[in-house]
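In: Return atomic coordinates for the entry below.
(2 chains)
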There are 2 protein chains.
Amino acid sequence: MNPISEFNFISWAQKQIGDDPSVLLPSGDDTAILKTTNKTAFTTDALVDQVHFDLQTQRPSDIGQKAINVNVSDIASMGMQPSHCVITFCVPHNLSQQKLKAIFNGMIKACRQSQLSIVGGDFTRSPKALMINVAMTGRLIKKNTQPLTRSGAKIGDSIFVTGSLGGSITGKHLRFKPRLLEVKELLKLGNPTSMIDISDGLSSELHHICKQSKVGSKIFCEQIPIANKNTNTLDNALNDGEDFELLFTADAKLTKKIDNNWTLKTKLTKIGEICHKSNGIKLFKHNQYLHKLPAKGWCH
Amino acid sequence: MNPISEFNFISWAQKQIGDDPSVLLPSGDDTAILKTTNKTAFTTDALVDQVHFDLQTQRPSDIGQKAINVNVSDIASMGMQPSHCVITFCVPHNLSQQKLKAIFNGMIKACRQSQLSIVGGDFTRSPKALMINVAMTGRLIKKNTQPLTRSGAKIGDSIFVTGSLGGSITGKHLRFKPRLLEVKELLKLGNPTSMIDISDGLSSELHHICKQSKVGSKIFCEQIPIANKNTNTLDNALNDGEDFELLFTADAKLTKKIDNNWTLKTKLTKIGEICHKSNGIKLFKHNQYLHKLPAKGWCH
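Out: Predicted coordinates for the structure are as follows:
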């Protein structure tokens, strides 16, 4: 094991990063300078060893990919294309060069998959745990449109999810694919009225949309796509965190287009309908009312 | 002491932040959306307890101010105005609500002083040390100009520093004022040919400018403004880190304007001249050659 203290990480990392014409001035000055448009998404997310991952047992490259992809997922769910990021590593003295390089290579891989660039960062010591912070910007996928927010759902809209839900803790939470391609495809068909990524569990995210859109919702529990039905239950699909699927609402026109024109392999499943706020957020089975759906998702 | 676990920091923090017309969509969605122009500065810097500060002995509000101001200093030294930031807190379980609030209030104070906004963030647990990460964007102070880089110094340019240098470890490193106002005033007089902030020591930063501008320099050591001459030596002024003053180069026209028209209280001192690369980076005293100036500044 080569100790990290003898290794010029920043200089090594700069060599791993390719050119990007939207970077007017790369790292090597006091800040990077980016070519930007009139609306920019801006977000940040940190992963900490022993809180969000386990460096002893999990693949370093998976950890690096996740650090990027949690931010990509947030930007994609705004209907935006991730463009640039800056990365902070706070590194304990006993971390090996090999693991650090593998984490960074995982980040570069994730950046390539979503067509964004690393443009700068900070590298410092940590007294104990490895901490990785990523801050990311994004631009609109469709020019002259509005970002997709949590507040636009209207009564009568259909509620959709991508993929399948539940049990992400068994591995998907590290190796998930952010749904950027799916957002781009969806925007070709029309504009969802609201969208959010499912990081804290379907039930919690649904509450966010309903609260910010001032509406209620009916969820048809037999429609909810459960991942790995042998091991997961409806409760997992409703409440497990870190699925990183998308939850969105669509008006009648877009719903019809999805039914007729959706060609990607990732499934879009209608799981419910938006209704008046006074109806609350309720679970139904074969059109029979079951009970209210509390927001009891994952709490970081 | 109220334990941090019982405290909804994010909800509290959101209430502390004022409105900003350049924030099209504040935090509360998956990302913030910012109004941006065609060139954006982007940088990040982290502070870790026991590495960059000491939470036991130092004022929490000073720590918060520094976390913002190290980034402001980087953006100002590009000739840019800080505009927005996202903040990550990784918090040990024994941190008190009071200290966390005081840190955040220090951040808000620093943001107000430099007219930028906090637009989002992440809040998570840390196994041991408090870690604060700030990622910040900026826009050009003068429209349709180029950012000030490290690479534009020309033979014959004068070399200036702001304020005085050395001994920042005794307190200034926490409570320094980033030189944003000075940059704005300077840009009214003309465009420096290069600029950098002195975070790693004057000698190191001078090496950065000379290397990236492909030039050499003569430094007149009797001209270097030493802070608190009773306790600091020339060596402190040349090599101590975290001064957060500015080092810049100016052509003859701008140098004359500085001599005649500089009205701010912060001193600008000419400490040397840019010369041909083959001359290296050398220290002079009353025009007598002393020795080469090595880059031996602070190493994080």
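In: hey, let's count contacts and neighbours off CA atoms from now on
Out: Noted.
In: Tell me which residues of stretch A:230-239 come out buried.
Out: A:232, A:234, A:236-239 (16 or more other C-alpha atoms under 10 Å in any protein chain shown).
In: who touches it?
Out: With contact meaning C-alpha atoms under 8 Å, 6 or more residues apart in numbering or on different chains, stretch A:230-239 is reached by A:164-167, A:200-204, A:221, A:224-227, A:295-298.
In: Between the two ends of stretch A:122-142, what distance do you get?
Out: 32 Å (C-alpha to C-alpha, to the nearest Å).
In: for stretch A:173-189, that is, sorry about that
Out: Stretch A:173-189: ends 29 Å apart by C-alpha to C-alpha.
In: and that stretch, which residues are buried?
Out: A:173-174, A:176-180, A:182-184, A:186, A:189.
In: In the residues you listed, find the pair that's most separated.
Out: A:Leu174 and A:Leu189 (30.0 Å; C-alpha to C-alpha).
In: Where do the helices of the stretch 201-300 of chain A begin and end?
Out: Here the stretch 201-300 of chain A has its helices, by DSSP state H, counting those that start in this stretch, at A:202-213, A:234-239, A:252-261.
In: any idea how far the residue lying closest to A:Leu140 once chain neighbours are set aside is from B:Pro294?
Out: Using C-alpha to C-alpha, 6 or more residues apart in numbering or on different chains and skipping the chain neighbours, the partner closest in space to A:Leu140 is A:Met80 (4.4 Å). Using C-alpha to C-alpha, A:Met80 is found at 47 Å from B:Pro294.
In: Who has more neighbours out of the two?
Out: A:Met80 (27 against 15; other C-alpha atoms under 10 Å in any protein chain shown).
In: Now do the contacts for A:Pro92.
Out: With C-alpha under 8 Å, 6+ apart, A:Pro92 has these contacts: A:125-130.
In: Now it, what are its backbone angles?
Out: phi -70, psi 150 (degrees, to the nearest 10).
In: Model confidence for A:Asp20, exactly?
Out: A:Asp20 is assigned 90 on the pLDDT scale.
In: most centrally placed residue in chain A?
Out: Nearest to the geometric centre of chain A sits A:Ser73, at 2.2 Å (C-alpha atoms, centre = their mean).
In: out of everything not next to it in sequence, what's closest to it?
Out: A:Pro178 (5.0 Å).
In: SS state for the one you found?
Out: coil (DSSP: H, G, I helix; E, B strand; the rest coil).
In: Name all residues that make contact with A:Asn191.
Out: By C-alpha under 8 Å, 6+ apart, the neighbours of A:Asn191 are A:250, A:254.
In: same deal with A:Ser204?
Out: Contact analysis of A:Ser204 by C-alpha under 8 Å, 6+ apart lists A:239, A:294-297.
In: and which of the residues you listed is nearest A:Asp20?
Out: Looking across these and measuring by C-alpha to C-alpha, the closest to A:Asp20 is A:Gly297, at 38.5 Å.
In: how long is stretch A:72-88 end to end?
Out: 16 Å.
In: same check, this time on stretch A:13-21
Out: Using C-alpha to C-alpha, the distance between the terminal residues of stretch A:13-21 is 19 Å.
In: Next one: that stretch, is it in contact with chain B?
Out: No. Against chain B, stretch A:13-21 shows no contacts by C-alpha under 8 Å from any C-alpha of the partner chain, the least distance being 12.9 Å.
In: List the buried residues in that stretch.
Out: Those buried within stretch A:13-21 under the rule 16+ other C-alpha under 10 Å are A:13, A:20.
In: So which residues make contact with the worst-scoring helix or strand of chain A on mean pLDDT?
Out: Counting by mean pLDDT, DSSP states H and E, chain A has its least confident helix or strand at helix A:172-175, which shows a mean of 79. Contacts with helix A:172-175, where a contact means C-alpha under 8 Å, 6+ apart, come from A:62-63, A:65-66, A:242-244.
In: Pick the one among those closest to chain B.
Out: A:Phe244 (12.0 Å; C-alpha to the nearest C-alpha).
In: do you know how far the closest one is from A:Ile219?
Out: For A:Phe244, the distance to A:Ile219 - C-alpha to C-alpha - is 19 Å.
In: what does A:Leu264 give?
Out: 24 Å.
In: In terms of neighbours, single out the busier of these two.
Out: Using other C-alpha under 10 Å as the criterion, A:Leu264 and A:Ile219 rank with A:Ile219 on top: 24 against 11.
In: That one contacts A:Thr269, doesn't it?
Out: No. Using C-alpha atoms under 8 Å, A:Ile219 makes no contact with A:Thr269, being 11.8 Å away.
In: picking up where we left off before, and the residue nearest to A:Ser73, what does it touch?
Out: A:Pro178 sits next to A:69-70, A:72-73, A:76, A:244-245 when contact means C-alpha under 8 Å, 6+ apart.
In: Mind giving me the ChimeraX select for the residues you listed, buried ones only?
Out: This is how ChimeraX selects the buried members of the contacts of A:Pro178, with burial counted by 16+ other C-alpha under 10 Å:
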select /A:69,70,72,73,76,244,245
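In: could you pull out the helices for the stretch 1-150 of chain A?
Out: A:9-16, A:60-76, A:97-113.
In: Run through who's touching stretch A:147-158.
Out: A:77-80, A:140, A:192-196, A:208-215, A:249-252, A:255, A:270-276, B:29-30, B:33.
In: What ranges does chain A have for its strands?
Out: A:23-25, A:32-35, A:39-48, A:80-91, A:117-125, A:131-140, A:158-162, A:194-197, A:216-220, A:246-250, A:268-275, A:281-285, A:288-292 (DSSP state E).
In: Distance of the residue nearest to the centre of chain A relative to A:Asn144?
Out: In this view, A:Ser73 and A:Asn144 are 22 Å apart by C-alpha to C-alpha.
In: Per-residue pLDDT of the closest residue to A:Thr162 other than its chain neighbours, please?
Out: Among residues not flanking A:Thr162 along the chain, A:Leu268 sits closest, at 4.7 Å (C-alpha to C-alpha, 6+ apart). You'll see A:Leu268 listed with a pLDDT of 98.
In: Then A:Thr170?
Out: 76.
In: give me the number of residues near it?
Out: Neighbour count for A:Thr170, taken as other C-alpha under 10 Å: 8.
In: Then A:Ile198?
Out: As a measure of burial, A:Ile198 has 27 neighbours, counting by other C-alpha under 10 Å.
In: ditto for A:Arg125
Out: With neighbours defined by other C-alpha under 10 Å, the count for A:Arg125 comes to 22.
In: The contacts of stretch A:147-158, buried ones only, as a PyMOL selection?
Out: Selection of buried members from the contacts of stretch A:147-158 for PyMOL, criterion 16+ other C-alpha under 10 Å:
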select buried, (chain A and resi 77+78+79+80+140+192+193+194+195+196+208+209+210+212+213+214+215+249+250+251+255+270+271+272+273+274+275+276) or (chain B and resi 29+30+33)
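In: circling back to that earlier point, give me the subset of the contacts of A:Pro92 that also touch chain B.
Out: A:125-129.
In: Tell me how far A:Gln98 lies from B:Ala110.
Out: Here the criterion is C-alpha to C-alpha. By it, A:Gln98 lies 39 Å from B:Ala110.
In: Neighbour count for these two, which is higher?
Out: B:Ala110 (24 against 14).
In: Look up the closest residue to the more buried one, ignoring the ones flanking it.
Out: B:Ala110 sits nearest to B:Gln65 (C-alpha to C-alpha, 6+ apart), 5.2 Å away.
In: Surely that neighbour touches B:Gln113?
Out: No. The criterion here is C-alpha under 8 Å, and B:Gln65 misses it with B:Gln113 at 10.0 Å.
In: All good on my end, thank you.
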